[in-house]
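Enquirer: pasting a predicted model and its sequence here:
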Amino acid sequence: MEVRDLVKRYPKARTDAVDRLTFAVAGGEIFGLLGPNGAGKSTTIGVLTTRVRPTAGQALIANVDVTVAPRTVRSLLGVVPQRNNLDRSLSVRQNLLFHAAYHGVPKAVRTRRAEALLEQFSLTDRANEKPDLFSGGQNQRMMIARALMHDPRVLFLDEPSTGLDPAARLFVWDRIRELREAGVTIVLTTHDMDEAAALADRVGIVDSGRLLALDTPAALVRGLATGSSLQVTVELAGELGVAGLLDRLGTLAGVQRCEQVGAEAAVYTIRLCLTGEAAAMITPVATAVAEVGARLTGMEIGEASLEDVFIELTGRSLR
Amino acid sequence: MLRSFGSVLRRDIVVTGKDLVAFLAQVLLQPVFFLFVFGKLLTSLGYTSSGYSNLLFPGLVALTATVTAIQAMAFPLVVEFGWTKEIEDRLLAPLPLWAVAAEKVLFASLRALAASAVMFPIGIGVLGSIPYRAAGLGLLVGVALLGSLVGACIGLTIGTFVPVTKINIAFALIFTPLLFTGATQYPWPSLAHLRWFQVVSAANPITYVSEGMRAALVPNIPHIPGWICLLALAGSLALFGTLGMIGFRRRAID
Ligand SMILES: Nc1ncnc2c1ncn2[C@@H]1O[C@H](COP(=O)(O)OP(=O)(O)OP(=O)(O)O)[C@@H](O)[C@H]1O
Ligand SMILES: [Mg+2]
């Protein structure tokens, strides 16, 4: 799968929803698109699944251009959309069976596959009920099961674990990993750092339609100037300003960047991005805090994560 | 592709089949009351001449065919595109877009044809007898077929151009005029002395379904010649078919 200089501007929009996006996904890979709300993740998936017409650029799936041969492309891919689009006039089982029938799966095969998937996704008991009676998490499982009914070579999952409880989330993660083992190429979007880190072989970080970075989660973190972080809470007495403390901490050797991330009455939370080991910085930081006359009330060591990668790339937090 | 198309059609048949009573009530209640009050009651009370029911019946068959097709098309489309999004699964099938729209048109037309066919036994039940001419059968079927297709394409156009939030007002603004300017309750040539209304009626495709039905069933009542009706309906089909497809594409692909 390949995307080249993809641009999408919706009619009447003043900016591009997707802005010259370029990336490639290898067969059998889990590729994650990570970005905040409105980054253009769903739009990118829309183009790849033939539902959004690109303004410029090219998107190829299995070497087939999605705008040239949309039918061929549609037969290769399965889609789990961000929004529930199950057929409310059909039962759960019928949703699966008809989906397979639309894709030309022979009757015997689709019947067998539907039973297996219903069983696997714990939907057998209520397979004859209409989907609108189910919870959001159950609907999500149905949509994944439905997408697998025609045995797609590429599976698109748009925010697959949004709205799921922790157990259901792990269940979905396991299914996704199983599919990779079976050789299915997977493209998923998420705004959850942990999900991207846990699941994806490679992650593309997008913001405002642009691809900011693309690599394995480990390499992205390794590439950071920041090695670790230290979160410090201090209480400042009286007229003492936080600006002086930030200046003081920022000039310590080993501190790459320092910013205030919270304030409550006289208690401030300060985050320090460090170039080296966090443990080595505890004493110098505590000393510096004491020197300006502030009282240290808490300190927490953090390993660098994709979150830090995002902050470094965009200058703001994803949450 | 044919197999996919068949499955999409089967889905609509299964869904409608589960709710057959609602379907029949929805499409037949209005024409039945029309028939009873205007065709039977007013005649037996002496307010209309006994020939009126012969004039009205073909018009009501025409109205049933087109209005059923419009409703069977527009309502589900508006809901599926604007609200439930459930059409997406079919748009992602390995079918060309036009085939998904064509299936909808075909199914709405089948519903409309079924509803207009049921009008005949109901007409016999309510009126005692209905006008029928074996020689007009070909024209009757042709007009019913084209009328249903035109209705479905009008529904496709409405259903794809009207946003879900405006559907109530759109239906009020479109349906009522459509209902009363379609030469259903009056023969079009008799409007000669009311020129403006005649012109308005001539712009309504339903007029040609009503007049075509009269040409087939009651040729002694003044009517627009059958071939003109067929031609006008073919033209409407081309117009609304094109508009509807444009609308469908716009909604199906962002
Ligand atoms: N159908 C549409 N018409 C017009 N603008 C749209 C449409 N869909 C999305 N947009 C705009 O395009 C931009 C990207 O939206 P998109 O849905 O791709 O973001 P996303 O990354 O999926 O966000 P989220 O995490 O909220 O799902 C947004 O500014 C959005 O308002
Ligand atoms: Mg999205």
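Expert: Sure, I can see it. Ligands and ions are numbered 1, 2, ... in the order given.
Enquirer: from here on, just use CA atoms for contacts and neighbour counts.
Expert: Fine.
Enquirer: which stretches of the stretch 101-250 of chain B form helices?
Expert: Assigned by DSSP state H, counting those that start in this stretch, the stretch 101-250 of chain B shows helices spanning B:137-161, B:167-180, B:195-202, B:205-217, B:226-252.
Enquirer: can you pull the buried residues of the shortest one?
Expert: Within helix B:195-202, the residues that qualify as buried by neighbour count (16 or more other C-alpha atoms under 10 Å in any protein chain shown) are B:198, B:201-202.
Enquirer: counting contacts, what elements does that helix pack onto?
Expert: Judged by 3 or more C-alpha pairs under 8 Å, 6 or more residues apart in numbering or on different chains; DSSP states H and E, helix B:195-202 is in contact with no other helix or strand.
Enquirer: off-centre distance for that helix?
Expert: Between the centre of helix B:195-202 and the centre of its chain there are 20 Å (C-alpha atoms, centre = their mean, to the nearest Å).
Enquirer: repeat for the longest one
Expert: Average the C-alpha atoms of helix B:226-252, do the same for its chain, and the two points are 13 Å apart (C-alpha atoms, centre = their mean).
Enquirer: that one vs helix B:195-202, what angle?
Expert: Helix B:226-252 and helix B:195-202 meet at an angle of 60 degrees, taking axes from the mean of the first three to the mean of the last three C-alpha atoms, to 10 degrees as the criterion.
Enquirer: now the angle from helix B:226-252 to helix B:205-217?
Expert: 140 degrees.
Enquirer: ok, and what's touching stretch A:152-170?
Expert: A:41-42, A:45, A:75-82, A:136-137, A:140, A:147, A:172, A:183-191 (C-alpha atoms under 8 Å, 6 or more residues apart in numbering or on different chains).
Enquirer: how far is it from where the chain is centred?
Expert: The answer for stretch A:152-170 is 10 Å, by C-alpha atoms, centre = their mean.
Enquirer: returning to what we had before: and the contacts of stretch A:152-170 near ligand 1, which?
Expert: Restricting these to those touching ligand 1 (C-alpha under 6 Å from any ligand atom) yields A:41-42.
Enquirer: confidence-wise, which of the helices of the stretch 101-250 of chain B is weakest overall?
Expert: Note on the helices of the stretch 101-250 of chain B: lowest mean pLDDT is at helix B:167-180, with a mean of 86.
Enquirer: sorry, back to before: TSV for the buried residues of helix B:195-202, including distance to A:V289?
Expert: Shown next, in TSV, are these (distance: C-alpha to C-alpha, whole Å):
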residue	distance to A:V289
B:Q198	91
B:S201	87
B:A202	88
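Enquirer: quick one: B:V209 from ligand 1, how far?
Expert: From B:V209 across to ligand 1, the span is 39 Å (C-alpha to the nearest ligand atom, to the nearest Å).
Enquirer: check contacts around that residue.
Expert: Contacts of B:V209 by C-alpha under 8 Å, 6+ apart are B:59, B:62-63, B:143-144, B:147, B:229, B:233.
Enquirer: with respect to A:R271, which of those residues is nearest?
Expert: B:G147 (72.0 Å; C-alpha to C-alpha).
Enquirer: contacting residues for that closest one?
Expert: B:G147 neighbours (C-alpha under 8 Å, 6+ apart): B:62, B:65-66, B:206, B:209, B:233.
Enquirer: quick check: it vs ligand 1, distance?
Expert: On the measure of C-alpha to the nearest ligand atom, B:G147 and ligand 1 end up 34 Å apart.
Enquirer: pull out the buried residues from stretch B:93-109.
Expert: Going by neighbour count (16+ other C-alpha under 10 Å), the buried part of stretch B:93-109 is B:93-97, B:99-109.
Enquirer: filter those residues down to the ones near chain A?
Expert: Restricting these to those near chain A by C-alpha under 8 Å from any C-alpha of the partner chain leaves B:93-96.
Enquirer: I'd like the residues you listed laid out as CSV, including pLDDT.
Expert: Formatted as CSV, these follow (pLDDT from 0 to 100):
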residue, pLDDT
B:A93, 93
B:P94, 93
B:L95, 92
B:P96, 92
